[in-house]
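A.B. asks: one predicted model, sequence on top.
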Amino acid sequence: MVKKTKKIILRSLLKVEDFILSLYKNKYLKSERIPWTVGYSEYKYDFIGDLINSNKLAVFATRQLPTGYGYRLDERAVEYPWFFARLKETERMILDAGSVLNHRQILSAEKLQGRNLYISTLFYEARPEISPSPSYIYEDLRDMCFRDDFLDAICCLSTLEHVGMDNTKLYTPDTSKNENNHDSYLKVISEFKRVLKPGGTLYLSIPFGVNKNHGWLQVFDSAMLNSIIETFGPQSFSKTFFRYENDQWNFSTEDKCQDGYCFDIHENKVYEKDYLAFARCVVCVELIKGEKPL
């Protein structure tokens, strides 16, 4: 009886929460749609959730995004769809390295149902009410708890740039995570390779362009991208570049993204003319771990 009462109360609270969030989103849509203002996050994750649950993911195979795609949204607008468009049906044991999937609109995606999902992050954060719930693990990605050759796939979207940087600014109160270790991300890549099964896939995205240390993250350049690929030593890999330009996200090339940078809302209080939300350019990399030699 007590459990039933708790479930009823929880459902009621979720309905109230949904109503409030819808008000925020509607306020955002009726405004100038400026990134990071009230309702921005609610609109963004609803937009992404609707997309990955539709048949529109196919546009990510055509390399031609619709006019106005991701208007004034940050790079999540291309990272999530890129990942879900590539996720294989055979990949059943998945790690979310960095807790980027930890949103109700994402976790409820049909493409995640029936899979074993682990979420690894530094510190406790909100857990969306999703059934069945993912398994949450609190650890440093440079020293993971998983045994060798365990996972089918790893999803690491816009997380690697924070490794070895000052994570106390937003992600954890642990003062030992206030670092400035520029090359620490390579330890994560080695760990990813270790815990992936032979033939397993690493889905990775990072802000790309001119290397810059923002304190709490860094932008990766071509040399750093190459070091990731060399450290992982994949059987095969692919690189997909995106650039926010002309008020939308577009497919791009490595050459055209060499001048990429991040608009850091924590540093810059005045937006650029196109209201860039965060990264100007992002690269999404799919790396396949080789089979073990006989």
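C.D. replies: Everything's here; your move. Residues are numbered from 1 along each chain as shown.
A.B. asks: now for the residue lying closest to Tyr40 once chain neighbours are set aside: which residues touch it?
C.D. replies: Residue nearest to Tyr40 in three dimensions, not counting chain neighbours: Tyr28, with 5.6 Å by CB to CB, 6 or more residues apart in numbering. C-beta coordinates here come from the backbone N, C-alpha and C atoms, glycine included. By CB atoms under 8 Å, 6 or more residues apart in numbering, Tyr28 lies in contact with 37-40, 42-43.
A.B. asks: helices - which of these land there?
C.D. replies: Those of these mapping onto helices are 40, 42-43, per DSSP state H.
A.B. asks: buried members of these into PyMOL, please.
C.D. replies: Applying 16 or more other CB atoms under 10 Å to these, the buried members can be selected in PyMOL as follows:
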select buried, resi 40+42+43
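A.B. asks: pLDDT for the ones in helices among the contacts of Tyr28 - can I get that in JSON lines?
C.D. replies: Below are those laid out as JSON lines (pLDDT from 0 to 100):
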{"residue": "Tyr40", "pLDDT": "96"}
{"residue": "Glu42", "pLDDT": "95"}
{"residue": "Tyr43", "pLDDT": "96"}
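A.B. asks: switch the ones in helices among the contacts of Tyr28 over to CSV; also include distance to Cys281.
C.D. replies: As requested, these are exported to CSV (distance: CB to CB, whole Å):
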residue, distance to Cys281
Tyr40, 21
Glu42, 26
Tyr43, 23
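A.B. asks: between the ones in helices among the contacts of Tyr28, which is closest to Asp255?
C.D. replies: Tyr40 (31.5 Å; CB to CB).
A.B. asks: about what we covered before: on the three-state scheme, the residue nearest to Tyr40 is what?
C.D. replies: Under DSSP: H, G, I helix; E, B strand; the rest coil, Tyr28 falls in the helix class.
A.B. asks: all numbers from here: first residue = 33
C.D. replies: In the new count, where the first residue is 33, that last one comes out as Tyr60.
A.B. asks: ok, it to Leu234 distance?
C.D. replies: According to CB to CB, to the nearest Å, Tyr60 stands 34 Å off from Leu234.
A.B. asks: now swap in Ser259 and tell me
C.D. replies: 15 Å.
A.B. asks: the more surrounded of these two?
C.D. replies: Shown here are Ser259 and Leu234; by other CB atoms under 10 Å, Leu234 has more neighbours (24 against 15).
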